[in-house]
Every structure is written in C-alpha cells, then in structure tokens.
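*Asks:* The following comprises the amino acid sequence and a computationally predicted model.
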Amino acid sequence: MNTVGLLFAGLAMIGWSAYPTLVSKFGGKPVQGLMGATFGTLIVSIVLVLVQHLAVPTGANFWLSVASGAAWAFGNLLTIVAFGMKDHDGNPLGSAKAMPISTAFQITANVLWGVIMLNNWASVSSKVYGALAVIVILIGAYLTTYQEKKTAGNKELIIKAVGVLLIAQIGYSLYGILPQYTHGTDGLHMFFPQAIGMAGFGLILGLVELAKNHNNIFAQKVTYKQIFSGFFFAMAALGYLVSAQKDMLGLATGFVLSQVSIVGATVSGIIVMKTPKTKKEWFVISIGLVAILVAASVTAFL
C-alpha cells in the first residue's frame, strides 16, 4: 500500500465530493459552470508552478497533458448539461442522480483500460477481487439513484441522461488514459498543461456563446462564482493525477478510490439542493453508499 498515493486519493475524494454539488448550486448555463471550473483549476495550477518552481513539460508530454485536460472539459460540459436536464414536470435530474451514473461509466472504462492495457492488478487473485469490487461499486451506484415512486417522465429523463453521459465518458476516459502515456512526467508536473487544455476549451466555448448567442458570460457574476467550484475540482484533479501514477496506486486503484467521492457528492447533492427523500429511499441509498466505500477500500490493497 502506498501511503502517499492514498493521501492524494483522499484529496480527490474531497474535491470531487464538493465539486458537482457546488456547480449545481451556483447555477448558470453549462458553459458558465465549465468556465468557472477550468479557470479555477488554471489559477491553482499557476500558483503551484510558482510556489514549487515546477518545470513545465515539453514536447509530447506537454501536448498529451493538454489534450487530456481538453478531453476532461468536453466530458464535464456534457455532465453539467445532464445535471440540468428536466422531466415533463420541470424537475431537474440534479447531481445526486447524474453523478452515480457517470461514476459507474468512468469506473468501468478506466479499470478495464488499467487492467487490460497497463497491467494494473497483475496477479489473478487481484483481478478477481478487483472485478468483484467494481461490480459491487456499480451496484452501489445504481442503488443511490433509487426512487420509491417512479414516473414515466423520470424514466425517460434517466434514459436521455444515460445517453448524454455515455458520450461524456469519451472525454473522461481520455482524461484518465492519456497521462499514462507520458514519459518521465509525474502528476504534479502535468497538472499545469492539463489546466491549460481545460481552460482553453472553456474559453473557446465562452467565445462561441458570445458570438453565436450574443450572451457575454464574461460579464456575468455567476461565471466567477463558479471559479470557487473550480478550486475544489483542482484539488481533486491534482490528487487523482498523482495517485494514479504507476509508482503510486496505478490507474485502476487510483481511479476507483477517487470515485468514493460519489458518497459525498450524492449526500451533499441531496441536502444542499433540498431534494426530498423518503425513509425507504434514504435506506436504499445508504446501502449503496456503504457498498461503494467497502468495495473501494478493497482495491487499495490490490
């Protein structure tokens, strides 16, 4: 077990627990949520470079990091879109329901890549226990979306959201996979170019919004409120980048542990957004969250 890797994974858990709830709470258009998150991350990365006197990667390492950041921004934009999707009665999907679905997709994709392509969980026993842990996490994620009284509108909304989040997964997968192919560049050093890719993607979308819809999001308060949510994402991104390195926890374990954030994201999303839940719904959700915590803990020892 790598203690330093676990500490950085803990940062990812905290950051990604708070981030989706804050994005939903601050509101605004999806592009504003993305702008805030990406520029908040860029600010943190610049401070880190200056304080730690970090050298900026060059060549392929730089561009792989930039591309992975832009890929994340693409995935995050669609995820924020999913947060705001509404049913026929005008009820939004919200982060509490969208995040478990997104997490399930991300865990499946990143673990498969880490195990098959990067030889994480090298022994047969590790693969078996890891696979069982992932299955339990997916079941737990499903339970967190439990709704006692289902409506046709809710089912239709979930189906649409799944389609959007599947497309978003392309970006999230590249965000996790591309840094694994850099050489001699650790998570701390690739954080700044990743932030450049994220902020560049966000800036382009902001300019498109201004040119196409004549909506100057750069002059709106909510855009800058969202930068605060970006600080929490930056904490999470840095923690994940470091913990997922080969000499730390590896992609499979680092990513699975970081996604324990679904527990905080689900609970905070329900409480902060004041989503009413029955006793039975809280009971089923709690079972799902405990299952995620236990199964994710298992992967730390593989």
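*Replies:* Yep, that arrived. Quick caveat, the model's predicted, so the values are computed rather than measured. Residues are numbered from 1 along each chain as shown.
*Asks:* Give me the pLDDT value at G69.
*Replies:* pLDDT, G69: 92.
*Asks:* tell me which element it falls in.
*Replies:* Secondary structure assignment for G69, by DSSP states H and E: helix 59-84.
*Asks:* would you put the C-alpha positions of the following helix or strand past that helix in PDB?
*Replies:* Next helix or strand after helix 59-84 toward the C-terminus (DSSP H and E): helix 95-116. Output of helix 95-116 as PDB, limited to C-alpha atoms (Å, rounded to 0.1, in the frame of the first residue of the first chain):
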ATOM      1  CA  SER A  95     -26.000  16.000  -9.500                       C
ATOM      2  CA  ALA A  96     -27.300  13.400  -6.900                       C
ATOM      3  CA  LYS A  97     -28.700  11.300  -9.700                       C
ATOM      4  CA  ALA A  98     -26.300  12.100 -12.500                       C
ATOM      5  CA  MET A  99     -23.100  11.500 -10.600                       C
ATOM      6  CA  PRO A 100     -23.700   7.900  -9.700                       C
ATOM      7  CA  ILE A 101     -24.400   7.100 -13.400                       C
ATOM      8  CA  SER A 102     -21.400   9.000 -14.600                       C
ATOM      9  CA  THR A 103     -19.200   7.300 -11.900                       C
ATOM     10  CA  ALA A 104     -20.300   3.900 -12.900                       C
ATOM     11  CA  PHE A 105     -19.300   4.600 -16.500                       C
ATOM     12  CA  GLN A 106     -16.000   6.100 -15.500                       C
ATOM     13  CA  ILE A 107     -15.000   3.200 -13.200                       C
ATOM     14  CA  THR A 108     -15.800   0.600 -15.800                       C
ATOM     15  CA  ALA A 109     -13.900   2.300 -18.600                       C
ATOM     16  CA  ASN A 110     -10.800   3.200 -16.500                       C
ATOM     17  CA  VAL A 111     -10.500   0.000 -14.700                       C
ATOM     18  CA  LEU A 112     -10.800  -2.100 -17.900                       C
ATOM     19  CA  TRP A 113      -8.100   0.100 -19.500                       C
ATOM     20  CA  GLY A 114      -5.800   0.000 -16.500                       C
ATOM     21  CA  VAL A 115      -6.100  -3.800 -16.100                       C
ATOM     22  CA  ILE A 116      -6.000  -4.800 -19.800                       C
END
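*Asks:* packing partners for helix 95-116?
*Replies:* helix 3-26, helix 59-84, helix 124-143, helix 152-177, helix 250-258, helix 261-272 (3 or more Cβ pairs under 8 Å, 6 or more residues apart in numbering; DSSP states H and E). Heads up, the C-betas are built off the backbone N, CA and C, glycines and all.
*Asks:* Any regions of the stretch 151-300 of the chain where pLDDT drops low?
*Replies:* Where the stretch 151-300 of the chain drops to pLDDT under 70, the residues are 151-154, 251-252, 255-256, 258-259, 261, 265, 269, 272-274, 300.
*Asks:* out of the helices and strands packed on helix 95-116, which comes closest to W113?
*Replies:* helix 152-177 (5.6 Å; Cβ to Cβ).
*Asks:* distance between that closest one and the chain's centre?
*Replies:* Taking Cα atoms, centre = their mean, to the nearest Å, one finds the center of helix 152-177 at 13 Å from the center of the full chain.
*Asks:* Quick one: work out the angle between that helix and helix 59-84.
*Replies:* Relative orientation of helix 152-177 versus helix 59-84 (axes from the mean of the first three to the mean of the last three Cα atoms, to 10 degrees): 170 degrees.
*Asks:* From the contact counts, what lies against helix 152-177?
*Replies:* helix 59-84, helix 95-116, helix 250-258.
*Asks:* I appreciate the help and will end here.
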